[in-house]
Structures are given as C-alpha cells and as structure tokens.
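Engineer: The sequence and its predicted three-dimensional model are supplied below.
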Amino acid sequence: MNEKRIKNILKLSGICFVLIFSLVPFIWMVIISLNERPDFLLHEGFRLTVANFVDILTMGNLHFLDYLKNSFVIASTTALISSLIGAVAAYAISRITFTGKTLLVLTVLALSMFPQICIVGYLFKFMTNLGMINTYGALILPYIAWSLPLALWIQMSYFSRIPRELDKAAQVDGASRLQTLFKIVLPIAAPGFLSTILLLFMFCFNEFLFALMLTADHKARTVPVGISLFQGLHGELPWGYIMAASVISCVPVILIALIFQRRIISGLTHGAVKQ
C-alpha cells in the first residue's frame, strides 16, 4: 500500500469520525423529538408522532414562540449594530497610522477572551441599577461589547486588502471619511460585512450565560435559556418538548450556515490571502 493511499484512507477516516461525532447527537435529538416516549428503547419501540412539535408551537404556557422571537430580535439587532461599529473601527485602524495601533488591536483581542463568568455578577448589578433587567437592552448592550472584537478582526483583515487609492480618489471628489467608508469601501467589502453579520447572529443566538442571568421570564428570555427551563407539572423533564424545541431552534442557524457558507468562508479568508 503506497503512501498516497494511506493518506487518503486516514483523511477519509478523519472525515467520517468528524461527521459521526457531529451528526449523531443531532440525529438522536430528531429521533427523540419524533417519538411518543423518550425511553422508547426500553419499552414498546419507536412510535412516530409530531405531537411534540405541535405542542411547543401551540401551548401558550411554554412561551416557545416568545423565546424564539426574543432570540431573533436580540441576535439580529446585536449583529447589525456590532457589525456597523466594527466596520467604522476596522476602517479607522486599517487606514490611519498612529503609535500603538498594534498594541490597541491586541488589547481588544485580549479583552474579548475575558471569561464571562468573571463579569456577569457585576453586569447583573449594573443592569439592576439601570432598571434594565428582563429587557432587550440588558442583553443587546453586553452582546455588542462581547461581539465587537470579532467584528473588528474580521472586517479589519478585509479592509486592509482594499487599495487606499480608492479613498484618496473619493476624498479628492469631496467625500468625507464616513462617506468614503459607506459609499465606496463597505460596498466593496460587502462579503466580509455579510459574513460578520451572520457569524455574530449565530454567536449571539446561542449565548446562554448572560441570557440566563439578565432575564426573568418570556418577555426577554431567549431560546437556549427557555429550553433549559422547560419542565413538566411534577418537575420531570419533558424530553420530547425539549428535543422538539431544540430542533426548531437549530434550523435557522443550520440554514444560515448552509446557505451562506461560501460567503462566510470568503469573508474569513479573503484578508488572509494575498492577491
């Protein structure tokens, strides 16, 4: 057996392992959500039903649709605002030369690695003093600060590949810095900007800790927290409802990743590839 064949076998084995490792939990979640009993292996076997999906979408006391709406509103708002602020910051850093620029960028990156658990207590007190607990703002503001480093890094690498001559030409025609950014540079960097929005949306849609600590009920609670707090009348865990809700909440993120995967990859790698 030659070396090339061994490499192909190892590569194929690695791909199969990753696929199995990634897909089996999701497939099992779908199976549980479509069965009458979560412990069907111990009883009469699999019985197909969509009752779990119907119940979580129609039972008002579960508030699943409220959680889903909250997640979409909070994640979409955060992604758009953070991407716009990140675009302005990335444009400034990629175009303006000043002392300590590299240190500033590295500091922003370092701050983004600060563990959430270390600040969530102080953040809770701060939001309580502002009277913002259990509101959209209590999550949107921390999410913007939390996701800005990612927005900055993705767009900075993208903007750095756009020739500065375009900026000079626009300024000769009387355009300001902001006009140059939004009318010339940002349209050219649209794939990177879209990638940033999509990544930040998924980033915020799945966040758990802040959403758990800064919300109290279905008025602002997001899907991950809402699902984790599902329970039956006697305190038991309704696994059918939990799995059905998890499947539905996964679908938007999966569709975004599948539909826009080329743009996401392009936005992440364009700035790293010399053209």
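Structural biologist: The structure has been received and is ready for your questions. Only a predicted model underlies this, so the values are computations on that prediction, with no experimental measurement involved.
Engineer: Run through the residues that contact the closest residue to residue 53 other than its chain neighbours.
Structural biologist: The spatially closest residue to residue 53, leaving aside those adjacent along the chain, is residue 244, at 4.8 Å (Cβ to Cβ, 6 or more residues apart in numbering). (Each C-beta comes from the backbone N, C-alpha and C, glycine too.) Neighbour list for residue 244: 33, 52, 53, 55, 56 [criterion: Cβ atoms under 8 Å, 6 or more residues apart in numbering].
Engineer: Just want the phi and psi numbers for residue 244.
Structural biologist: phi -60, psi -40 (degrees, to the nearest 10).
Engineer: Next, count neighbours for residue 143.
Structural biologist: 23 (other Cβ atoms under 10 Å).
Engineer: for residue 223, what are its contacts?
Structural biologist: By Cβ under 8 Å, 6+ apart, the neighbours of residue 223 are 64, 67, 68, 70, 71, 205, 245, 249.
Engineer: quick check, the last one in a helix?
Structural biologist: Yes - remark: residue 249 belongs to a helix, assigned using DSSP: H, G, I helix; E, B strand; the rest coil.
Engineer: State the distance from residue 198 to residue 241.
Structural biologist: Shown here: residue 198 relative to residue 241, a distance of 29 Å by Cβ to Cβ, to the nearest Å.
Engineer: Same question for residue 144.
Structural biologist: Counting by Cβ to Cβ, the gap from residue 144 to residue 241 is 32 Å.
Engineer: what's the answer for residue 80, then?
Structural biologist: 32 Å.
Engineer: Which of those two has more residues huddled nearby?
Structural biologist: Neighbours per residue (other Cβ under 10 Å) separate residue 80 from residue 241, with residue 241 holding more: 22 against 14.
Engineer: Can you tell me the element that one falls in?
Structural biologist: Per DSSP states H and E: residue 241 is located in helix 239-259.
Engineer: Repeat that for residue 53.
Structural biologist: Short version, using DSSP H and E: residue 53 is in helix 51-58.
Engineer: now that helix: mean pLDDT?
Structural biologist: The average of the pLDDT scores along helix 51-58 is 89.
Engineer: Same check on stretch 249-263?
Structural biologist: Stretch 249-263 shows a mean pLDDT of 80.
Engineer: hey, C-alpha coordinates of that stretch in CSV?
Structural biologist: Output in CSV follows, covering the C-alpha atoms of stretch 249-263 (Å, rounded to 0.1, in the frame of the first residue of the first chain):
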residue,chain,number,x,y,z
SER,A,249,-34.2,26.5,17.2
CYS,A,250,-31.3,24.8,15.4
VAL,A,251,-32.9,25.0,12.0
PRO,A,252,-32.4,28.8,11.4
VAL,A,253,-28.7,28.5,12.4
ILE,A,254,-28.2,25.4,10.2
LEU,A,255,-29.9,27.1,7.2
ILE,A,256,-27.8,30.2,7.6
ALA,A,257,-24.6,28.1,7.7
LEU,A,258,-25.6,26.0,4.7
ILE,A,259,-26.9,28.9,2.5
PHE,A,260,-24.2,31.4,3.2
GLN,A,261,-21.2,29.1,3.9
ARG,A,262,-19.3,30.3,0.8
ARG,A,263,-19.7,33.9,1.8
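Engineer: Many thanks, we can stop here.
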